[in-house]
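Chemist: Whatever this is, show me its structure:
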Amino acid sequence: MNIHWKAWGKSLFLLTTLLLLAKLVILRYFLFQEIQFIHIIYDFTAIIILTAIIELLIPIRIKKYAYWDLNILVSVILFAATLYYQHFGNVATYTTLQQLHQLLQIKSSVKSTIEPVDFVYFIDLILAFPLSFYLKKYKGYPLQSKSLWKPAIALMALLCFGISWMSIKGGQPISNELKRAEYQGFLNYQADVIWNGVKENPTAATMSLADAKTQIHEAKASSPYKDPIATKTPPQLFASEKGKNLIVVQLEAFQNFAIHLSLNGQEITPILNKLADESYYFPHVFQQIGQGNTSDAEFMSNTSLYPTGTVAMSTGFGDRAMPSLPKLLQNLNYQADTFHVNDVSFWDRIKLYPALNFDHYYDKPFYVNDHFNSFGASDENLYKEGMTILTDLQTKNKPFYAQFVTVSSHFPFTIPQERKRITVQDSIKGTQLDDYITAINYTDYALGTFIDQLKASGLWDNTIFVAYGDHFGLQPQDNDPKVTSDALGINYDPLISKMNIPLFIHVPGQTKGQVINQVGGQLDIMPTIANLMGISLKDNKFVHFGHDLLNITHNVLGERYYMPTGSFFNDEIMFVPGKGFDDGKATSLATFQPVTDIEKYRADYDYILKLMQSSDEYVKALPKR
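Modeler: This next block holds a predicted model:
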């Protein structure tokens, strides 16, 4: 009987090692579309360490269960990592586990992401029963020596540990997370992230607030741009809208390419087109969100601070006292309220809103649920119920800041048949592009109902109205750029067009629009608003990383999470690093063509890395509430 159990264990050691290695190779292909021999070695060493632990430490009679448990656990992790990459374009880490409670609220989005091929990790588990039956009959390996088996495994594990450690150390200087994970291997990358997380808590302060501010000053001083317009005092349009109400509408999954675009003679966004023609319209603004997605966009538009990229800001830093736009306006006797039809616990907004110091939040119970989609109420009801609060404040002569976060155009872009208002051409019917266009067309229509209500109530003429996209909508893996370009009659770049979101700022009395071609990001929204409202961020000693887009002629903005850390946009290019700057790639924003001479942009790269690091240190150093 003992021989039977030992033969079983040895068989499962080899079988489990080979199966898990095959699954890691599959994951590597899904994530990186490339497989190199040295990278397979790194994956192999990580697997050997896991299976060797079982082989050396687990009692013989339960060893088979340990092997199958390991196989099941790793298979589930790799399956989840594949879905995560398909949905977010990033490598999942242990910090993403903090967001698992969000999945139930976006289960329709998750289901839409799953492809049949994703279940490849479970094929062997489906065949587990016949394999187990075969292995029970197998008597072991004739050449195995009973006395040398475990010492050989221990020696192999020690060697593999050394190789894995070398891969981890070799990948640590790489700022590009995707390249680092590709180099180290998925499991070694996880070990690296966990070790760094234990060694350096991603939310714990490493310096005092005063030191963090000093670091920020030094980082900003290293800017490659010395903009004379930005230093003009007072800035252009400063306090031109002082005392006005402020409404900010964050448009779910809204990309800029749809603005002023028609299909079959139908404008996709007629309301926003009209708004652009009567407002400041910024067509070259780019998303900068991190792991918190929509909630990170809210964080940035209210703080002008970078998300850390390692954790949703609402989850990791919702316990901090955040300098914010609501606080600046409350100092001027404004009331700050925020409106969202989902439950306030989603993305931990129940922490974020107090951190930003909103006076009230109006979440799911406040709205009439017309069951528009899985989130509940439609954008039309969001605005309709929100207007009851705004008109009450108007009656009381109370100036206000109102933030509206829309959700009707959320992935997977499911619009009730009776709410659809546009018909696309036959060539894209039934595709995600069809669903997306239909969804943002409805979002645009609903926004029009809100603007009509504001005009009817008299609020429009006394309110700064801001609208912007929170992040991309079209999923890259489901939309071929050439097909999208041909269908829409535009040049659609898979990364630039994906990251490009619209920004509109309408001020009272404005009837003639102005296109502001200055490149910007979500960090720049708050400083631009503050200038119009006569709030001097300098006088308030308000730490911020964005710029007033109406008063600069040069800009460079950092990216991470949806792009590798160290990526940036400036007035000319989009830059994506490789393992570092030298093997990075630049693309012209004007032509979408590669730019080969990148050396002149090295200062931008170095500057952005310093800036994002100093922002992280500042957020960590903020006092807890």
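Chemist: For the stretch 301-450 of the chain, which segments count as helices?
Modeler: According to DSSP state H, counting those that start in this stretch, the stretch 301-450 of the chain carries its helices in the segments 313-317, 325-330, 349-356, 379-395, 432-457.
Chemist: Can you tell me which of those is most buried?
Modeler: Sort the helices of the stretch 301-450 of the chain by mean neighbour count, taking mean count of other CB atoms under 10 Å, and helix 313-317 sits at the top with a mean of 25. From N, CA and C alone the C-beta is placed, and that goes for glycine too.
Chemist: Skipping adjacent residues, who's closest to residue 468 in space?
Modeler: Of all residues not flanking residue 468 in the chain, residue 503 sits nearest, at 4.4 Å (CB to CB, 6 or more residues apart in numbering).
Chemist: Tell me the pLDDT of that neighbour.
Modeler: pLDDT recorded at residue 503 is 98.
Chemist: Count the neighbours of it for me.
Modeler: 27 (other CB atoms under 10 Å).
Chemist: Next, the contact list for it, please.
Modeler: Residue 503 sits next to 281, 282, 285, 466, 467, 468, 469, 520, 525, 549 when contact means CB atoms under 8 Å, 6 or more residues apart in numbering.
Chemist: Buried ones in stretch 553-571, by neighbour count?
Modeler: Under the neighbour-count criterion of 16 or more other CB atoms under 10 Å, stretch 553-571 has 554-571 buried.
Chemist: Please read the previous query as pertaining to stretch 66-73.
Modeler: Under the neighbour-count criterion of 16+ other CB under 10 Å, stretch 66-73 has 66, 67, 70, 71 buried.
Chemist: Including distance to residue 532, pLDDT and secondary structure, could those residues go into a markdown table?
Modeler: Below are the buried residues of stretch 66-73 laid out as a markdown table (distance: CB to CB, whole Å; pLDDT from 0 to 100; DSSP: H, G, I helix; E, B strand; the rest coil):
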| residue | distance to residue 532 | pLDDT | secondary structure |
| --- | --- | --- | --- |
| 66 | 63 | 91 | helix |
| 67 | 64 | 91 | helix |
| 70 | 58 | 94 | helix |
| 71 | 59 | 93 | helix |
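Chemist: Just the residues contacting stretch 360-370, thanks.
Modeler: Residues from elsewhere that reach stretch 360-370, judged by CB under 8 Å, 6+ apart: 335, 337-344, 349, 353, 376-378, 380-382, 385-386, 389.
Chemist: what distance separates the start and the end of that stretch?
Modeler: Stretch 360-370 stretches 23 Å from its first residue to its last (CA to CA, to the nearest Å).
Chemist: from the chain's centre, how far out does that stretch sit?
Modeler: 25 Å (CA atoms, centre = their mean, to the nearest Å).
Chemist: what's the average pLDDT for that stretch?
Modeler: Stretch 360-370 comes out at a mean pLDDT of 94.
Chemist: strands paired with the helix or strand hosting the residue nearest to residue 468, and their directions?
Modeler: Element membership of residue 503, judged by DSSP states H and E, is strand 500-506. Using DSSP bridges, strand 500-506 pairs in its sheet with strand 280-286 (antiparallel), strand 463-469 (antiparallel).
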